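>>> Structure for this input, please:
(2 chains)
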Amino acid sequence: MTPLKVSFRVNERDVEVATVAHRTLLDLLRDELRLTGTKECCAEGECGACTVLMNGEAVCSCLILAVEAEGQNIVTIEGLERGGEPNALQRAFVAAGAVQCGFCIPGMIMSAHHLLLTNPSPTRAQIQEGLAGNLCRCGGYSRIIDAVERAAKVER
Amino acid sequence: MTTPTIGQSFERMGGRERVTGTQRYAADLSFDRVLHLKLVHLPTARATIRRIHTRRAEETPGVACVLTADDLPQPVPRFGPAFADRPILATGETKFFGEPVAAVAAETKDAAEAAAALVDVEFDELPAVLSVEQSLDPKSPLVQDPSLRPADAGADTNVLRQWTFGWGEPPVSPHLVLEREYRFPMVTHFAIEPHVFVAVPTDTGITIVTPTQHPFVLQRVVAAALGWPLAKVRIVAPDPGGGFGGKGWPKFEPLVAVLALRLGRPVRLVLTLEETFQAARRTSARIRARTAFDRDGHILSQSLFTDFLIGAYADIGVRVVSKASYAACGPYRTPHAQVVARALLSHTTPSTAFRGFGTPQASWAVESQLTEAGRALGIDAIEIRRRNLPRKGEAFIPNDTPADGDWVAALDAAEKALSWKAPLPAHRGRGVALGLKSSSTASASLAIVRLHHDGSVTILSATSDMGQGARTVLAQIAGAELGVTPDRITVVMGDTALVPFDSSTSASRSTVFMGNAVTKACAHIKRQIRTLAAAAFSADESSIEVAAGSVTIGDRDAVSYLDVLHAAWGPPRGEVIGVGEERGGGFRADHPLGGRPEFWEFMCTAVEVEVDRETGMVDVTRLVLASDVGKALNPAQVEAQDEGAAVMGLGHSFMEELLLDSRGRIRNLGALDYRIPTIQDIPRELHSILIENEDGPGPYGAKGAGEGGILGIGAAIGAAVSDVTGVYVRELPMTPERIWRALQQAAPPPPSE
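Here you go, the predicted structure:
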């Protein structure tokens, strides 16, 4: 396993990290950069818990090799706060009662964040489509839809 | 009097940490000098282990240890909450797919994984017992060695335990007798957080870090496995990322403890989701139901033969079977009842507690019978249930906790909310089912509440905040009792070195048991404040009234707690410590469950569906949940629990089932092949109704909640599907294929030319 260096931008900070060829971006974020807000569940791109933004696209960081992040711009859940305060979407998740155990929530919020970047006024059906790749096991999902709707109204 | 914090939907404590990614779950914690563990298992369920070659693995750079059963004390120590039947590592023979035969500890995850792949196991594959029928077949192999159960007359069978419950005399001439067989699949919890186990040797003993729902059960089991006193075993339980029963009972904690002590270093085991599937599941079941009715739809008799397929080790499976079977007849007047229940061993994943604790399996049968009987008798599905429901205070299981809610009101509310009698478009149908679950019986919760000298409060409680919002509710209770706003309250949980004993976070018991313990601890504080006030203000205790946050002495103006504390203590300061304990009705050796259920968890589930006859696809157009909760201390949290339970139940209703091959391997291992409901699978409309009559045994009349939504969902959907199609699918999940096949059998297509 030859050590490699990978340089990228994460949450508006430039980083250079030593890694190996088979390491995923998820492991790099969690184990090397200690950005543990991004979660691991299925490790095969099905549950969405590890969702981050890469150059503005929502991706499962478990499916991205660390070396693929070279030169890219990554945003994780830790990068959403503004001035040390949760942003409107994050606040809406709490206010709508969408957060239960919370393990899926960082990935869910990153997918919702991506949705609102591309579609600031989504319908409920569009929210469901946008979050279809994020599994939650505690709730009935409807409060998550409420939260995204609420955040979209605030942002408008 | 209801105080301002009760009945309000306070925002979830810990919500901010969860939306910003700063909440630390077990896998987010780091430990100095930690070794990473990888388990080695075989590609089959049952095999004789002949030899394990560990040398190549041991020579892998970074490997600290490769542990097999041969390295453990002999005979290999066994553990379990009910029976000490599970070895720390497989010994002699593997009993289920995923049972570890070796464990590799290494400096890095990569090294542990690489070395685990180099452990070479010589084994002889053996036939496995994988179904109810195989387990009962006298020709089948025994899952457990009879020597494990020397006192057990049935030790030479795969029936781990058998029970017969019942009462009354069989009816002489019933108008209608229905006899049907139902099946409920193996399903897995699929908490989004996979299981994590860490053991840290310390100067005073060992610390286990794991997101367990029951820290004090784990402390007991680990201490027993090590032969240590409880005081040397500390359990630290970070908030679980979902539990649902799957994180309740010990799994690999004894293994990580043994390794950490042997190596003198912290050891960390993070399971993959696939390994988590192999670690815990719901008990599958075959239920034969014979139900007799008079011509008006009154139940005359219920005979239930409940065969639950538990796994290779007992875990808590025996309790699941007995508890669910005892109350399997549901919330109905049943003049004659006979329940014959069996817990059957098999070479499968050890089954454990899972939301509903066996009741969803029983309800699937009992409620489906009622639906079919109603149709046969020409009685509406809601009406036949109404006719059989006991009224509040009426016993329906002789000599046990009577009906403790206005259950008919829940039925009426659901009927109204679903517009039960309104005409429906084509291909739409409706169904209803009731769910009744026995709550916690004999158990204990202790709480410590500390009133600090600035009037803020710390609650110490071993309840697990696993998503239900226990912190928030306990803070609301203490806030109401002591007149403190929740933002001045901290709730400390999940560390046996800090918090007092609690039986478990299970059976929807925490709001009632821990809630009462907190209430009593607050009352203890108030008594002490009265004494302090009497001394500080030279008054007679009988002249002092201590209310929430204020103290009145005789006819003087009320003063605050702070005034009393300052007057009593002066500059040295101090704090008031309240202790509360709730044991419910207590242990009763003569009761089949060891004690009466403290309350009944009751839910009415009503659905409207649309069925596509061409494909067998079902669309849930409306779902109504009406639960009898006594008092919702935080209504949004209660509704979220009900909704979540119902949507989880859509999983076993439509799509979830662990599929085994002939060697007992799980074929759909992982999120790609085992599907759970997504945000696109939810009902088009969902309506939660809370029936609140403040008639529960918990604080302010609360009952427990959180499991109700999953109890009857399968039967309600089955009823709605048969309302549309006229066919009954009696095996869950009702996949499109099963529905389509049932439709084809009922009305075969015309022969083609």
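>>> can we go C-alpha only for contacts and neighbour counts from here?
Fine.
>>> Can you show me the strands along chain A?
A:4-10, A:13-19, A:51-54, A:57-60, A:73-75 (DSSP state E).
>>> Format those as a markdown table; extra columns: distance to chain B and mean neighbour count.
What follows is the strands of chain A, written out as a markdown table (distance: least, CA to the nearest CA, whole Å; neighbours: other CA atoms under 10 Å in any protein chain shown):
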| stretch | distance to chain B | mean neighbour count |
| --- | --- | --- |
| strand A:4-10 | 15 | 17 |
| strand A:13-19 | 12 | 14 |
| strand A:51-54 | 12 | 26 |
| strand A:57-60 | 14 | 22 |
| strand A:73-75 | 12 | 22 |
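>>> anything in the biggest helix by length in chain B near chain A?
Looking across chain B with DSSP state H, the single longest helix is helix B:510-536. No. Contact between helix B:510-536 and chain A is absent, the nearest approach being 16.0 Å (criterion: CA under 8 Å from any CA of the partner chain).
>>> For stretch A:68-75, which outside residues touch it?
Contact partners of stretch A:68-75, identified using CA atoms under 8 Å, 6 or more residues apart in numbering or on different chains, comprise A:6-12, A:25, A:52-56.
>>> run the last query once more with 6 Å
Stretch A:68-75 has contacts (CA atoms under 6 Å, 6 or more residues apart in numbering or on different chains) with A:Val6, A:Ser7, A:Phe8, A:Arg9, A:Val10, A:Asn11, A:Val52, A:Leu53, A:Met54, A:Asn55.
>>> What segments of the stretch 601-750 of chain B are strands?
B:617-628, B:685-691 (DSSP state E, counting those that start in this stretch).
>>> need the contact list for B:Glu181.
Taking CA under 6 Å, 6+ apart, one finds B:Ile287, B:Arg288 in contact with B:Glu181.
>>> Is it in a helix, a strand, or coil?
strand (DSSP: H, G, I helix; E, B strand; the rest coil).
>>> what pairs with it across the strands?
Applying DSSP bridges to B:Glu181 yields these beta-bridge partners: B:Arg288.
>>> picking up where we left off before, redo the strands of chain A as JSON lines? Include mean pLDDT.
Converted to JSON lines, the strands of chain A look like this (pLDDT from 0 to 100):
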{"stretch": "strand A:4-10", "mean pLDDT": "97"}
{"stretch": "strand A:13-19", "mean pLDDT": "97"}
{"stretch": "strand A:51-54", "mean pLDDT": "98"}
{"stretch": "strand A:57-60", "mean pLDDT": "98"}
{"stretch": "strand A:73-75", "mean pLDDT": "98"}
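>>> Format those as a markdown table; extra columns: distance to B:Ser510.
Formatted as a markdown table, the strands of chain A follow (distance: least, CA to CA, whole Å):
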| stretch | distance to B:Ser510 |
| --- | --- |
| strand A:4-10 | 41 |
| strand A:13-19 | 44 |
| strand A:51-54 | 33 |
| strand A:57-60 | 36 |
| strand A:73-75 | 38 |
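>>> Alongside chain B, which residues does chain A contribute?
A:36-37, A:41-42, A:46, A:77, A:90, A:94, A:100-103, A:128, A:132, A:135, A:138-141 (CA under 6 Å from any CA of the partner chain).
>>> Please narrow these to those residing in helices.
Per DSSP H, those map to helices at A:Gln90, A:Val94, A:Gln128.
>>> need the contact list for the second one.
The one in question is A:Val94. Per CA under 6 Å, 6+ apart, neighbours of A:Val94: B:Gly15.
>>> next one: the first one
When contacts are counted by CA under 6 Å, 6+ apart, A:Gln90 touches B:Val19.
>>> do that again at 10 Å, thanks
A:77, A:80-81, A:105-106, A:109-110, A:112-113, A:147-148, A:151, B:15-16, B:18-20 (CA atoms under 10 Å, 6 or more residues apart in numbering or on different chains).
>>> gap between it and A:Gly139?
17 Å (CA to CA, to the nearest Å).
>>> how much space is there between the residue of the stretch 351-500 of chain B found nearest chain A and B:Gly698?
Among all residues of the stretch 351-500 of chain B, B:Gly467 sits closest to chain A, at 3.5 Å; criterion: CA to the nearest CA. Note on B:Gly467: its distance to B:Gly698, by CA to CA, is 20 Å.
>>> ditto for B:Arg741
48 Å.
>>> Strands of the stretch 351-500 of chain B, residue ranges please.
Remark: strands assigned in the stretch 351-500 of chain B by DSSP E, counting those that start in this stretch are B:428-438, B:445-451, B:457-461, B:489-492.
>>> Quick one: those strands as a markdown table, columns for distance to B:Glu582 and mean neighbour count too.
Shown next, in a markdown table, are the strands of the stretch 351-500 of chain B (distance: least, CA to CA, whole Å; neighbours: other CA atoms under 10 Å in any protein chain shown):
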| stretch | distance to B:Glu582 | mean neighbour count |
| --- | --- | --- |
| strand B:428-438 | 18 | 27 |
| strand B:445-451 | 5 | 26 |
| strand B:457-461 | 12 | 24 |
| strand B:489-492 | 18 | 19 |
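>>> Poorly predicted segments of chain B, please.
B:1-3, B:748-753 (pLDDT under 70).
>>> please redo it, this time with the cut-off set to 50
B:1-2 (pLDDT under 50).
>>> how is it carved up into domains?
B:15-22+B:443-582, B:31-126+B:195-270, B:354-439+B:599-746 (automatic domain parsing).
>>> Just tell me which of the ones you listed ends up closest to B:Tyr313.
domain B:31-126+B:195-270 (5.9 Å; CA to CA).
>>> and stretch B:341-352, how far out from the chain's middle?
Its chain's C-alpha centre and that of stretch B:341-352 lie 17 Å apart, by CA atoms, centre = their mean, to the nearest Å.
>>> Straight-line length of that stretch, end to end?
17 Å.
>>> So it, near chain A or not?
No. Using CA under 10 Å from any CA of the partner chain, stretch B:341-352 stays clear of chain A, with a minimum separation of 17.7 Å.
>>> what comes up buried for that stretch?
B:Ala341, B:Arg342, B:Ala343, B:Leu344, B:Leu345, B:Ser346, B:His347, B:Thr348, B:Thr349, B:Pro350, B:Ser351, B:Thr352 (16 or more other CA atoms under 10 Å in any protein chain shown).
>>> wait, which of those is closest to chain A?
Using CA to the nearest CA, those come closest to chain A at B:Thr352, 17.7 Å.
>>> Let's verify B:His566: helix, strand, or coil?
helix.
>>> Now do the longest helix of chain B against strand B:445-451, angle only.
For helix B:510-536 against strand B:445-451, the angle by axes from the mean of the first three to the mean of the last three CA atoms, to 10 degrees is 40 degrees.
>>> helices or strands next to the next helix or strand along the chain from helix B:510-536 in the packing?
Where DSSP states H and E defines the elements, the next helix or strand beyond helix B:510-536 is strand B:544-546. Counting contacts by 3 or more CA pairs under 10 Å, 6 or more residues apart in numbering or on different chains; DSSP states H and E, strand B:544-546 is packed against helix B:510-536, strand B:550-553.
>>> ok, now with 6 Å
If contacts are counted by 3 or more CA pairs under 6 Å, 6 or more residues apart in numbering or on different chains; DSSP states H and E, strand B:544-546 sits against strand B:550-553.
>>> for the strand it packs on, the distance to its chain's centre please.
43 Å.
>>> do stretch A:116-136 as well
With CA atoms, centre = their mean, you get 13 Å for stretch A:116-136.
>>> Fine by me, thanks again.
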